[in-house]
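In: turn this into a model:
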Amino acid sequence: MPALDQLKAEHQRVLDDLNGKHVRGHAHPLELDDPQVPEILKRGWGLAGAWAAAYFETHPTPSARELERIFEGFAPKPRNAKSPSGSTLKPHEYSFEGSAVRIGAAIYVVQARYWMGNSTGTFMVVARNPDGRFEALWNIKDLAEKHYAQKDEIGRWVYLVRRAYANGPLDVNRVFALPPEANGHARFLVDAYQAADGGTALAQLSIWEWEGAEAKPLLVELYQYAVGYSGVHFDGTTLRITTKEELETLFACGMCPEPRGIWTVRITPGGVRDLGHRFLDPEIHWADELLSKIAKGKDTTNLAETKVVAAVKAQIKKVQAENSALDPSLGSKFSWGLLDDYHILQRGQEGTFEVNLDEGQLRFSYVIRNGKPYFTDIRIQ
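Out: Residues are numbered from 1 along each chain as shown. As a prediction, this is how the structure comes out:
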């Protein structure tokens, strides 16, 4: 196994290559979509795995704090440039950082990232090989390369360009050790996010079973959340993830947390069960479903009174006519405008709520019939 000093020196060359320091000694960092980057990163991930394996050989029972600092000494600490006023500036060179989590006896999930304003990350499993030595036995990048052509969720882990198939490179937000499978196999969770601009972030939740030589995906799904409103909570059996849910007809601003939701996953020794998403305030979902079906001309007999449907259709026609008069090129285009907020005025067997939009206010009244909402009135202002 290479000495730690050798690994550190080889990794410095990786950082130098990413930062373009081989060009007359001046830093010209490479963009992530530069064709040289994938091979450079592959070298870096390999060296990180070798460093982690060497670390565990000399630290067979590391503490949680030691696992957090596993890469101390492997790379220079990230440097944040400061403006004359003292504010933090976007860094002008790549840095490296990472940590590890124990998921079983002598089994660790190691996560690492390269960062320069935006980050790209990976995770790998380091455990004892058949010879009894620690080794990076598996990593997400190798598996992702096999999936990339499918453009699926696993394939996202090798995506580096900031638009198109993905919103940006994936990076690990946190890793959780989960209770083992009934067969004794270790399991772990990876909560990841995609580098993106704006207030709504894309994230990926994945749950894995370690089978001894490779990690088997049990669940890999994308979700979204408003920046500053994220959360993943696990009580030992039930996993609850804070989400920002999507609507068909009504649209919230990027920084707005609404419509808030919860995604629930049940994790037992027998397996992983996705219990789905739910809106914290289901009323906004009900309203969106009604407006969407009316706009598409679908049957709303079991959703609303005839007068409610007629009022919505009349408003749509009115706005379409006004828009066409202002700009004939708009034709029959229609939008309810941006969702501002909503207020639950009464909730129960009978209920009332208001939805405030850029273009006005919708006030809905409903009754619950056979466990489902039935709209009895609407006021449009």
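
In: quick one: residue 113 from residue 209, how far?
Out: For residue 113, the distance to residue 209 (Cβ to Cβ, to the nearest Å) stands at 24 Å. No exception for glycine: its C-beta is placed from N, CA and C like everyone else's.

In: sorry, that was for residue 133
Out: Distance from residue 133 to residue 209, by Cβ to Cβ: 23 Å.

In: those two: which has the busier surroundings?
Out: residue 209 (19 against 12; other Cβ atoms under 10 Å).

In: if I look at that one, how far off is residue 284?
Out: As judged by Cβ to Cβ, residue 209 and residue 284 stand 37 Å apart.

In: what do you get for residue 142?
Out: Applying Cβ to Cβ, the value for residue 142 to residue 284 is 42 Å.

In: look at the two and report which has more neighbours.
Out: Comparing residue 142 with residue 284 by neighbour count (other Cβ under 10 Å), the higher total belongs to residue 284, at 24 against 14.

In: wouldn't that one be in contact with residue 260 here?
Out: No. In this structure, residue 284 is not within contact of residue 260 by Cβ atoms under 8 Å, at 9.4 Å.

In: would you map out the domains in this protein?
Out: Annotated domains of the chain cover 4-77+91-280, 284-380 [automatic domain parsing].

In: please identify the most buried of those domains.
Out: Ranked by mean neighbour count under mean count of other Cβ atoms under 10 Å, the domains of the chain are led by domain 4-77+91-280, which reaches a mean of 17.

In: could you work out the end-to-end span of that domain for me?
Out: One end of domain 4-77+91-280 to the other measures 50 Å (Cα to Cα, to the nearest Å).

In: ok now that domain, how far from the chain's centre?
Out: Offset of domain 4-77+91-280 from its chain centre (Cα atoms, centre = their mean, to the nearest Å): 11 Å.

In: cool, stretch 281-288 as well?
Out: Computed by Cα atoms, centre = their mean, the chain-centroid distance of stretch 281-288 equals 24 Å.

In: with only the CA atoms kept, save that stretch in CSV.
Out: Extracted in CSV, the C-alpha atoms of stretch 281-288 (Å, rounded to 0.1, in the frame of the first residue of the first chain):
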residue,chain,number,x,y,z
ASP,A,281,-51.8,21.3,3.4
PRO,A,282,-53.7,19.1,1.0
GLU,A,283,-56.2,21.9,0.2
ILE,A,284,-53.7,23.5,-2.3
HIS,A,285,-53.4,20.2,-4.0
TRP,A,286,-57.1,19.8,-4.2
ALA,A,287,-57.5,23.3,-5.8
ASP,A,288,-54.7,22.6,-8.3
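
In: number the chain from 814, please
Out: Sure thing, new numbering starts at 814, so read that last one as stretch 1094-1101.

In: kindly state the beta-bridge partners for the residue nearest the centre of the chain.
Out: Centroid-nearest residue in the chain, with Cα atoms, centre = their mean: residue 1016, separated by 0.4 Å. Residue 1016 has these beta-bridge partners by DSSP bridges: residue 1006, residue 1036.

In: surely it touches residue 987?
Out: No. Using Cβ under 8 Å, residue 1016 is not in contact with residue 987, being 10.7 Å away.

In: overlap of the contact sets of these two?
Out: residue 1004 (Cβ atoms under 8 Å, 6 or more residues apart in numbering).

In: which residue ranges form the helices in this structure?
Out: Chain-ordered helices for the chain, with DSSP state H as the definition, fall at 817-831, 850-871, 877-881, 953-960, 1095-1108, 1119-1139.

In: average pLDDT across the third one?
Out: Confidence over helix 877-881, taken as the mean pLDDT, stands at 97.

In: mind exporting it as CSV, just the C-alpha atoms?
Out: Extracted C-alpha coordinates of helix 877-881, given in CSV (Å, rounded to 0.1, in the frame of the first residue of the first chain):
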residue,chain,number,x,y,z
ALA,A,877,-17.0,9.6,15.0
ARG,A,878,-14.8,12.7,15.3
GLU,A,879,-11.9,10.9,13.6
LEU,A,880,-14.2,9.7,10.8
GLU,A,881,-15.2,13.3,10.2
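
In: bridging residues for the nearest residue to residue 1058 once chain neighbours are set aside?
Out: Once flanking residues are discounted, residue 1058 sits nearest to residue 1074: 3.8 Å by Cβ to Cβ, 6 or more residues apart in numbering. On the basis of DSSP bridges, residue 1074 is bridged to residue 1056, residue 1092.
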